[in-house]
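[1] sequence first, then the predicted structure:
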Amino acid sequence: GAVVSQHPSRVICKSGTSVKIECRSLDFQATTMFWYRQFPKKSLMLMATSNEGSKATYEQGVEKDKFLINHASLTLSTLTVTSAHPEDSSFYICSAARTSAITDTQYFGPGTRLTVL
Amino acid sequence: AQKVTQAQTEISVVEKEDVTLDCVYETRDTTYYLFWYKQPPSGELVFLIRRNSFDEQNEISGRYSWNFQKSTSSFNFTITASQVVDSAVYFCALSGGETSGSRLTFGEGTQLTVNP
């Protein structure tokens, strides 16, 4: 149990376009989902926390208008990179937890590699 | 603020050697959770273990073992008789408590290479 999927796994887009990444919890309901960004050979950086039905909470330094997060259901959260630029190229990983309680483990998706030309 | 330090950036061993990955953490919370994740070249994070701050009992799972020492704020991970398939980046992470809730703070990761 506790499987999280992401789609697409890889995406290449032109500068200026928007890209949507989906994160789904396949066999459990996730009240809370997290979005991370990872640069090559670097650690994971938390971008935002989203709770189903609420606005996402963004970490300091993360642009809300550029990285739009929607968590409309208990099994789906989306991250939209708007007006993408080459510096947005990165590995984006989501995770899902049944609740926001600290006792709940986060289960990670396989990640989405975004390349902006 | 919470902080996790993995001082070993890269480790290279020969198959069947034992290897220990170090993790040191900082937190002001009295209740917190520690994690280890494995990230193979495919990129997916694989959950290995979670420990809470009140449970200092060491744990063994097959070739994996973890040593939690609250006195030194360390949560080290040992792989016994390493195998080539153990090659990956390993992350130690910290969450929980009054200041951070369920947010995970990751260390910088240790790249483990097991050579045949």
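    On my side now, so go ahead. Numbering: from 1, shown residues only, chains lettered A, B, ... in the order given.
[2] pretty sure residue B:70 contacts residue B:54?
    No: using CB atoms under 8 Å, residue B:70 is not in contact with residue B:54, being 9.1 Å away. Every C-beta, even on glycine, is put in place using the N, C-alpha and C of the backbone.
[3] what parts of chain A come near chain B?
    A:32, A:34, A:41-44, A:46, A:49, A:91, A:93, A:95, A:97, A:100-111, A:113 (CB under 8 Å from any CB of the partner chain).
[4] buried among these? Need that as a selection in ChimeraX.
    Only the buried entries of the residues of chain A next to chain B go into this ChimeraX selection, using 16 or more other CB atoms under 10 Å in any protein chain shown:
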select /A:32,34,43,44,46,49,91,93,95,97,102,104,105,106,107,108,109,110,111
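[5] show me the residues of chain A next to chain B that map onto strands.
    Among these, DSSP state E puts A:32, A:34, A:44, A:46, A:49, A:91, A:93, A:95, A:97, A:107, A:108, A:113 in strands.
[6] hmm, the second one is touching residue A:95, no?
    Yes: the pair residue A:34 and residue A:95 qualifies as a contact (CB under 8 Å) at a distance of 4.6 Å.
[7] joint contacts of these two?
    A:106, B:104 (CB atoms under 8 Å, 6 or more residues apart in numbering or on different chains).
[8] and the residue nearest to residue B:49 when sequence neighbours are not counted, how far from residue B:105?
    Nearest residue to residue B:49 in three dimensions, chain neighbours excluded: residue B:36, at 5.1 Å (CB to CB, 6 or more residues apart in numbering or on different chains). With distances taken as CB to CB, to the nearest Å, residue B:36 is found 14 Å from residue B:105.
[9] any residues in contact with both of the two?
    Counting by CB under 8 Å, 6+ apart, the residues touching both residue B:36 and residue B:105 are residue B:93.
[10] in chain B, which spans are strands?
    Going by DSSP E, chain B shows strands at B:3-5, B:10-14, B:19-21, B:24-26, B:33-39, B:46-52, B:59-61, B:64-69, B:74-79, B:88-95, B:105-106, B:110-115.
[11] noted, bye for now.
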